[in-house]
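**Q** Curious how this folds, go ahead:
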Amino acid sequence: MSYKSRKISVAPMMDWTDRHCRQFHRQITRHSWLYTEMVTTGALLYGDVPRHLQFNDEEHPVALQLGGSEPSDLAKSAKLGEQWGYDEINLNCGCPSERVQKGAFGACLMSEPSLVADCVKAMRDVVSIDVTVKHRIGIDDIQSYEFVRDFVGQIADAGCNTFIVHARNAILKGLSPKENREIPPLKYEYAYQLKKDFPQLEILINGGIKTIEEIDLHLQHTDGVMLGREAYHNPYLMASFDQRYYDDQAPIKSREEVIQLMLPYISAQLAQHAANKEVKGSGLKLNGITRHMLGLMTGLPGARVFRQTLSDSKKLASGDPALLLEALKGMQDMADYVEHKHA
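**A** Sure, this is the predicted structure:
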């Protein structure tokens, strides 16, 4: 099946963009591309494949991000991803964490473009879906544009047509992953220049993007925008994306409609896991899904009450999805109270 372009996508984010988060995001935007958390080749070749690769049909278009640096292992993992129904395989060449560095993949790979080219070619040889690369613009104190230009050029020669450019350097020593998302300066102009130098490639830009206005600006220079933390913490920002960027004139869902759409999904997931308690990797709790929804009311009066209700451990222990409705009502009551007080 063909999907609309990667004009807008939600970044792979460890501990955040699991299948429940993606299902939630899909209720807000129908056409934006969604990415899994990074899955290592070792987890797929020696671990619990269904736990890592299972996803919901509604998530399409959805991409599997792989972490690894051994071409044959990546090829086997990419093949698994295609067999499980993913629409794209993405290679992580941007994660700076020490755990990833010990495995000699992630951002470290930017210093080995020939190896990345071999990895891309190995995956492309065994799958018919797109193989893409997400990368930084440099590592440590390598600041020159020529570094990332040459990296992209060599990988493109191996058959990769889509590059997701996180427009910061990765500092491999001395900064935590969190600091790596905040301290190295953003150089959006590097991504813009890549599109000029490689007009035939699909260039997506990522890093620190928070507003519709910023997205519109970046789309004047690149083919697509990937949102990270803003999509997670302020997910309703995405409510207008289908109309604005994908020419889908279906009515924008209200926040309350999004909650109503999630209720049967949550009930079904909890029931399924309760029935499969003996299955390894099960044991889903209500919070495992609702934690991704805490930011739904960001910017509205009473949003804090909504978050507090959904963070109440005693209420969460009940396992009742109706807690979302309670949180919604509490927020509305607070908003009404504030409005009445100031009337």
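**Q** Just name the shakiest helix or strand of this protein by mean pLDDT.
**A** Between all helices and strands in the chain, the lowest mean by mean pLDDT, DSSP states H and E belongs to helix 98-102, at a mean of 73.
**Q** Counting neighbours, which bits of it end up buried?
**A** 100-101 (16 or more other C-beta atoms under 10 Å). (Each C-beta comes from the backbone N, C-alpha and C, glycine too.)
**Q** ok, residues contacting it?
**A** 67, 92, 106-108, 172 (C-beta atoms under 8 Å, 6 or more residues apart in numbering).
**Q** pLDDT weak spots in this structure?
**A** Applying pLDDT under 70 to the chain flags residues 1-2, 102, 277-282, 337-343.
**Q** need the longest helix for it.
**A** As assigned by DSSP state H, the longest helix anywhere in the chain is helix 255-275.
**Q** Report all helices and strands that the helix or strand just after that helix contacts.
**A** Counting by DSSP states H and E, the element after helix 255-275 in chain order, helix or strand, is helix 287-290. Applying 3 or more C-beta pairs under 8 Å, 6 or more residues apart in numbering; DSSP states H and E, one finds that helix 287-290 contacts helix 19-28, helix 255-275.
**Q** ok, then the element right after helix 287-290?
**A** Of the helices and strands lying after helix 287-290 in sequence (DSSP H and E), the nearest is helix 303-310.
**Q** How far off centre is the helix or strand just after that next one?
**A** Of the helices and strands lying after helix 303-310 in sequence (DSSP H and E), the nearest is helix 313-317. Helix 313-317 sits 28 Å away from the centroid of its parent chain (C-alpha atoms, centre = their mean, to the nearest Å).
**Q** How about residues contacting helix 313-317?
**A** Outside helix 313-317, the residues touching it (C-beta under 8 Å, 6+ apart) are 285-287, 290, 309-310, 323, 326.
**Q** nearest to residue 247, of the residues you listed?
**A** Nearest to residue 247, judged by C-beta to C-beta, of those is residue 290 at 32.4 Å.
**Q** Can you tell me the closest non-neighbouring residue to that closest one?
**A** Closest residue in space to residue 290, ignoring its immediate chain neighbours: residue 310 at 5.1 Å, by C-beta to C-beta, 6 or more residues apart in numbering.
**Q** ok, that neighbour to residue 75 distance?
**A** Remark: distance between residue 310 and residue 75 (C-beta to C-beta, to the nearest Å) = 42 Å.
**Q** One more: residue 261?
**A** For residue 261, the distance to residue 75 - C-beta to C-beta - is 38 Å.
**Q** Give me the distance between the two termini of stretch 233-248.
**A** 24 Å (C-alpha to C-alpha, to the nearest Å).
**Q** Any buried residues in it, and which?
**A** 234-239, 241-242, 244-246.
**Q** can you put the residues you listed in a markdown table and add distance to residue 80 and secondary structure?
**A** Below are the buried residues of stretch 233-248 laid out as a markdown table (distance: C-beta to C-beta, whole Å; DSSP: H, G, I helix; E, B strand; the rest coil):
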| residue | distance to residue 80 | secondary structure |
| --- | --- | --- |
| 234 | 33 | coil |
| 235 | 29 | helix |
| 236 | 34 | helix |
| 237 | 33 | helix |
| 238 | 29 | helix |
| 239 | 34 | helix |
| 241 | 30 | helix |
| 242 | 30 | helix |
| 244 | 35 | helix |
| 245 | 31 | helix |
| 246 | 29 | helix |
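**Q** Highest neighbour count among the contacts of helix 98-102?
**A** Among the contacts of helix 98-102, the one with the most neighbours (other C-beta atoms under 10 Å) is residue 106, at 30 neighbours.
**Q** That one touches residue 112, doesn't it?
**A** No: assessed by C-beta atoms under 8 Å, residue 106 is found out of contact with residue 112, at 11.6 Å.
**Q** how about the strands of the stretch 1-150 of the chain, start to end?
**A** With DSSP state E, counting those that start in this stretch as the criterion, the stretch 1-150 of the chain has strands at 8-10, 33-35, 39-40, 62-67, 88-93, 130-135, 138-139.
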